[in-house]
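Novice: Compute the structure for the input listed below.
(chains A and B)
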Amino acid sequence: MSAEREEEGRGLGTPRQRAGEGEEGPSSPAWGQAGSAHRAEALPPLIVVENLHRHYLVGGETVRALDGVSFVVCRGEFLAIVGQSGSGKSTLMNLIGCLDTPTSGIYRLNGSDVEGLDDDALADLRNREIGFVFQTFQLLPRATALQNVELPLVYRGLPRRDRRARAAAALEAVGLANRMHHRPNELSGGQRQRVAVARALVGEPSLLLADEPTGNLDSATGEEIIRLFGELHARGHTILLVTHEPRLAARCPRAIRLSDGRIVGDGPGTEIAALGAARTVHAS
Amino acid sequence: MRRLCRGLLRLSAEVSEGLSIALGSLLGARLRSFLTTLGIVIGVMTVIAIVAIIQGLDAAFEEQVANLGAHTIYVSKYQWMSQGQGEWWLMRNRKDVGLRELEAVEREATLATAVSPQVNVLQGTVTQGDHELRGIRVTGTDTRYLDTSGGNVAAGRFLSQTDVDLSRASVVLGFAAGQRLFPGYEPEAILGHRVRIQGHVFTVVGTMARRGRLLDLDMDTIVFLPFTTFLRDLGGKRSLILAVSAAPGHIEELQDQLTGILRRVRAVPPDRKDDFACNKQEAFLRFYKQLTGALYAVAVAVGLITLVVGGIGIMNIMLVSVTERTREIGVRRALGARRRTILLQFLIESSVVATLGGAAGTALGLFAGELVALLTPLAARSTPAAVVLGLSFSAVVGLLFGSWPAWRAARLDPVEALRYE
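Specialist: Numbering: from 1, shown residues only, chains lettered A, B, ... in the order given. Take a look at the predicted model:
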C-alpha cells in the first residue's frame, strides 16, 4: 500500500503512465502537433469507443443522442470534441466520464470495459481515472479551496494528512498557493477554475475531462485556463476538451466534430475548426 | 486483508467528512437547524421531565410505604389491594380474626419479633370543646404497635400494657390530630386533657411525632386507644388485624409459619384456600407500580408522538436540504462518491441534528423536572438511564426519519444532479 502511495506521487507532477520519454516544451499555441499522434502509437490506447449509442426516450419518442460513434484516444493526446448544442457532445462527455452508461456499443477506459460495471465500480473508476473540470466550476460553496481540492482523495480513503499535503501541492501547481483557505466566493472566476483544475488533477487521473472550461470566463481569463491546459498536456496529461467554440478546437492537436449524434470530422484541430467555421458560414 | 484495510480507511474518511459536512451545514443555517430540532427538543424534554417526575413519585411512595414496616405482615381477613366487588363480599363473609388467633400467634410464631393487634374505625369523630374532627381513623392497639408499625412518641407516652389490661380510657393523639383539637398548644400541654371519641370520654396520655402520609391515609390524624377499651366501647364485633414483624430477611418464612398457625386455629380444611390474608407492603408497591406503569405508558406515548412530529420536521428539512444541494451531490458523485457515501453523509447529518436536539431536550427536561420539584410538592428524580434514553431515542429518530431523504439523495442521477439549477 505504501509503495502504491509513493507511486501516486504528489500534487500535479506527471500522470501515472507517462506518454513517452521525449517531452516537448510548452510554448507554441498548438502543442506537439506533429509528435503526439506518432508517439502514442506504441502505447495501448486510453479510450476506445466503438459504435457507441445512447438513446433517450422522450415523450414516447426515441431520441438518438449518440448514433454510432467510434474513435480511439491515445495517452498524452489533447483532443477537443466540438459541436453545436444538441450535437450529442454532452452525452458523449457523460459517457466518457462514466457518469452515464451507453445504450449499446463498447467503451473501454484504460483497459477496463465500462459495460456491466455497477454504480459503485463506476464511482471508483471516476475517482481513479477521471478529473472533471466543469463550465460552472462546481466548487462546494461552503468549503475552502483546499477542502474542495481534497474531496477526490476523501473518497479514495486517504488519511487527512496525506490529503492536505497533496491538495496543497496541487493548488500550488496551479498558482494558488496563497489562496488555499479562501472560499469560492472570495475568488475570481479564473481562480475558481484553477481550483477546479487542481481538484481534477489531485487524484492523478489518467484523463482530464473538461466541459466548456472557459464558458463562464472572460476571454483573457479563458486564455489563461487554456494556457494552463497546454502546460498540463506538455507534462503528459491526456486532456479531452468538450466545447462549442471552433476557436478553442483550433488550438488542439486533434478535434472531433459531432453533429446529430454522429462524427462528421476527426483530424487536426485547425482543420476541424475550419470545417465548422465553413459550415456555420454556409448555414447562415 | 489489504482490501478490508482500504475499505475501513475509506469508511473512516467518509464518516469524518460526513461529520464535518453536517456540522458545517448546521452552523451555516443556525436558525433553520434550531427550528428543525425544536420538535425533537420538546419531545425529549417532555419525556425526560415526565419520567423524572414519575420516578420522583415512585421514590416518595416507596418512602411512604416504608412507614408500614418492610418486615411486617398484616394478617387480616381482607386482602389488600384486591380487585372487584365480588371478592370483597367474599372476604367480608369470612370468619373474623379474633383474640384466639392473636393468642395462637403470640404463643407459636417463633419467627415473630413483635406482634400487635390492631382494630380500626375508619370514619371516626373526635371532639374537644368546640373543636371536632370528623372522618379520622381510630385505632385500637397495644404498646407493641410502635415495634410492628413504626412511629415515635413526641410527648407523654404510648399506650401501656396496664392501659390494655385495665381497659383504661387512655388515648394517644397523632401529631395533626393533637394540633387540630388543641390549636396553639405545645404537645406537652395537651397531656391530661379530655377528648370525646365516638361519644366516649378519653384522657390524652401521649402525642405522636409527625409521620407523613400513606397513600390517602394521613398517618398524623390517627388516634390510638387500648384495643381492649376499643372493643368494649366502640364495638366488639370487629375483625382484628394482627401486625407481625419478622427479623430482616425472614419475612417469607414468617409468612409460612403464620399461614400454618392460622389455618389450624381457624380449622381450614386442607382442600380449601386460606380464609385470611397475610398482607405485606409489597402489595401496595405492586398496586402502585400498576398505576405508575399506566402513567409511564401515557408519558411514553405522548413522547413518541412528539418525537414522530419532530422526526417529520427533520425529514421535511432534510428533503429541502437534499433538493438545495442537488448540484453538490452531483459534484460529489462525479468525484467518486458512491451512493453509500452520499447516503451516509445525509444520515449523519440528520442524526447529528436530532441528537443535538435530544441533548438540548434532555437538559431542558431535567431542568423542568427540577423546577417542578421546586415549585410543587411533587418530587423529581433524574437518572443517568433517562439521559441515555433521551439521547439514543433522538439519534434513532434522526436515523429513521433521515433515511428516506438520504435514500433519495443517494438515488440521484449524477448527470441530472450536475445539471440541476
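Novice: Residue numbers of the stretch 101-250 of chain A in contact with chain B?
Specialist: By C-beta under 8 Å from any C-beta of the partner chain, the residues of the stretch 101-250 of chain A that approach chain B are A:119-120, A:123-124, A:126-128, A:132, A:134, A:138-140, A:142-143, A:151-152, A:154-160, A:199, A:203. C-beta: built from backbone N, CA, C; applies to glycine.
Novice: For ChimeraX, write the select line for the buried members of these.
Specialist: Remark: buried members of these, expressed as a ChimeraX selection using 16 or more other C-beta atoms under 10 Å in any protein chain shown:
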select /A:123,124,126,127,128,132,134,138,139,140,142,143,151,152,154,155,156,157,158,199,203
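Novice: Go through the residues of the stretch 101-250 of chain A next to chain B and flag which are in strands.
Specialist: A:Phe132 (DSSP state E).
Novice: Now, the residues of the stretch 101-250 of chain A next to chain B that are in helices?
Specialist: A:Asp119, A:Asp120, A:Ala123, A:Asp124, A:Arg126, A:Asn127, A:Arg128, A:Leu151, A:Pro152, A:Val154, A:Arg160, A:Arg199 (DSSP state H).
Novice: can you give me the strands for the stretch 1-150 of chain B?
Specialist: All strands of the stretch 1-150 of chain B, identified by DSSP state E, counting those that start in this stretch, fall at B:72-76, B:112-128, B:131-141.
Novice: what are the ranges of the strands in chain A?
Specialist: Using DSSP E, strands in chain A cover A:47-58, A:61-73, A:78-82, A:104-109, A:112-113, A:130-133, A:207-211, A:239-243, A:254-259, A:262-268.
Novice: could I get those strands as a markdown table with mean pLDDT?
Specialist: Output for the strands of chain A, formatted as a markdown table (pLDDT from 0 to 100):
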| stretch | mean pLDDT |
| --- | --- |
| strand A:47-58 | 93 |
| strand A:61-73 | 93 |
| strand A:78-82 | 94 |
| strand A:104-109 | 93 |
| strand A:112-113 | 88 |
| strand A:130-133 | 95 |
| strand A:207-211 | 94 |
| strand A:239-243 | 94 |
| strand A:254-259 | 93 |
| strand A:262-268 | 92 |
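Novice: do you know how far B:Arg408 is from chain A?
Specialist: 15 Å (C-beta to the nearest C-beta, to the nearest Å).
Novice: Tell me which residue is most central in the chain.
Specialist: Here I'm looking at chain A. Nearest to the mean C-alpha position of chain A, counting by C-alpha atoms, centre = their mean, stands A:Leu209 at 1.4 Å.
Novice: wait, chain B
Specialist: Most central in chain B (C-alpha atoms, centre = their mean) works out to B:Asp58, at 2.2 Å.
Novice: Out of the strands of the stretch 1-150 of chain B, which is the most enclosed?
Specialist: strand B:72-76 (a mean of 23; mean count of other C-beta atoms under 10 Å in any protein chain shown).
Novice: Which strand residues bridge the residue nearest to the centre of chain A?
Specialist: With DSSP bridges as the criterion, A:Leu209 is bridged to A:Phe132, A:Leu240.
Novice: check contacts around it.
Specialist: Each residue near A:Leu209 by C-beta atoms under 8 Å, 6 or more residues apart in numbering or on different chains is listed here: A:Met93, A:Ile96, A:Gly97, A:Ile130, A:Gly131, A:Phe132, A:Val133, A:Ala200, A:Leu240, A:Val242.
Novice: For these, which single residue is the most surrounded?
Specialist: A:Gly131 (29 neighbours; other C-beta atoms under 10 Å in any protein chain shown).
Novice: is the strand or helix carrying B:Val331 anywhere near chain A?
Specialist: Here B:Val331, judged by DSSP states H and E, is contained in helix B:326-334. Yes - under the criterion of C-beta under 8 Å from any C-beta, chain A is reached by helix B:326-334 at B:Arg327, B:Glu328, B:Gly330, B:Val331, B:Arg332, B:Arg333, B:Ala334.
Novice: on contacts alone, who are the packing partners of the helix or strand just after that helix?
Specialist: Note on helix B:326-334: by DSSP H and E, the next helix or strand toward the C-terminus is helix B:339-375. Here helix B:339-375 touches helix A:119-129, helix B:2-28, helix B:30-65, helix B:281-324, helix B:326-334, helix B:384-411, going by 3 or more C-beta pairs under 8 Å, 6 or more residues apart in numbering or on different chains; DSSP states H and E.
Novice: which stretches of the stretch 1-150 of chain A aren't confidently modelled?
Specialist: Low-confidence segments of the stretch 1-150 of chain A, defined by pLDDT under 70, span residues A:1-43.
Novice: Show me which of the residues of helix B:326-334 next to chain A is closest to B:Ala247.
Specialist: The closest of those to B:Ala247 turns out to be B:Arg332 (C-beta to C-beta; 72.4 Å).
Novice: got the contact list for the closest one?
Specialist: A:Leu151, A:Tyr155, B:Thr341, B:Ile342, B:Gln345.
Novice: switch to 7 Å and redo it
Specialist: Neighbouring residues of B:Arg332 by C-beta atoms under 7 Å, 6 or more residues apart in numbering or on different chains: B:Ile342.
Novice: same question, B:Gly357
Specialist: B:Thr37, B:Ile40, B:Val41, B:Gly310, B:Ser394.
Novice: Out of the strands of chain A, flag the one nearest B:Ala267.
Specialist: Between those, strand A:47-58 lies closest to B:Ala267; by C-beta to C-beta that is 94.6 Å.
Novice: Would you indicate which residues of the closest one are buried?
Specialist: A:Ile47, A:Val48, A:Val49, A:Leu52, A:His53, A:Arg54, A:His55.
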